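K.L.:
starting from these lines, generate the structure:
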Amino acid sequence: MREAVDRHYITRDSVNAGYAPVPAAWRPRVDEFLKKLGYRMVLREMTHTAKASPGGTLLLRSRWENVGVAPFYHPWPLAYRLRSSSDQVAAQWTSTANPMRWLPGAPHKVEDIVALPEHVPAATYSLDVAILTQDGSRAHVDLAIEGRRVDRWYPVSKLTIRN
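P.N.:
Numbers count the residues shown, from 1 in each chain. Modelled structure (predicted):
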């Protein structure tokens with residue numbers, strides 16, 4: 001049984017032959033090693049128009065890079081959302097991109113055209129990105145960028161909705 005919540009463990013599936021606490025002196029090296037395993041998705045660039053209207057369309061362009069050593073092995077979708085200053089989700093979309101094809105070592109360009117709902121109130125919103133669970137119910141993958149929120153979404157830009 002694990003002794004404390006704040007201790008770091010490595011499972012036998014990833015590195016060692018059983019559960020064992022990683023000594024504090026080794027933790028930085030182990031963390032660097034773990035960054036080299038699996039996938040590590042980096043959002044390099046995100047562009048879109050600064051202003052849009054309810055019922056209009058929004059062109060979202062992004063450039064991603066998998067700096068890890070493996071692709072996703074599950075169909076986890078890329079998603080975007082507009083979040084108000086009061087933390088309410090005003091709209092959410094799933095990308096047409098297939099992150100399972102984002103192999104390490106090459107940039108991956110994504111272009112999505114999304115429809116803004118008619119009911120979105122005029123305001124300035126945070127544009128957030130996430131990679132969701134397979135069923136799309138929640139954010140699932142930690143990206144290799146800064147800014148992760150508690151809900152695992154990443155605010156990357158602002159968008160003003162005007163009537």
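
K.L.:
which SS class is residue 30?
P.N.:
helix (DSSP: H, G, I helix; E, B strand; the rest coil).

K.L.:
quick check, it in contact with residue 22.
P.N.:
Yes: judged on Cβ atoms under 8 Å, residue 30 makes contact with residue 22 at a distance of 5.2 Å. (Each C-beta comes from the backbone N, C-alpha and C, glycine too.)

K.L.:
which residues are in contact with the residue nearest to the spatial centre of the chain?
P.N.:
Centroid-nearest residue in the chain, with Cα atoms, centre = their mean: residue 130, separated by 3.2 Å. Residue 130 makes contact with 78, 79, 81, 139, 140, 141, 143, 152, 153, 154, according to Cβ atoms under 8 Å, 6 or more residues apart in numbering.

K.L.:
what's the separation between it and residue 76?
P.N.:
Separation of residue 130 from residue 76 (Cβ to Cβ, to the nearest Å) stands at 10 Å.

K.L.:
find residues that contact each of those two.
P.N.:
Common neighbours of residue 130 and residue 76 (Cβ under 8 Å, 6+ apart) are 140, 141.

K.L.:
separation between the residue nearest to the centre of the chain and residue 159?
P.N.:
16 Å.

K.L.:
kindly report the same for residue 26.
P.N.:
On the measure of Cβ to Cβ, residue 26 and residue 159 end up 44 Å apart.

K.L.:
when those two are compared, which one has more neighbours?
P.N.:
Set residue 26 next to residue 159 and count neighbours by other Cβ atoms under 10 Å: residue 159 wins out with 21 against 12.

K.L.:
quick one: the more buried one and residue 128 touch, right?
P.N.:
No: taking contacts as Cβ under 8 Å, residue 159 lies outside contact range of residue 128: 10.4 Å.
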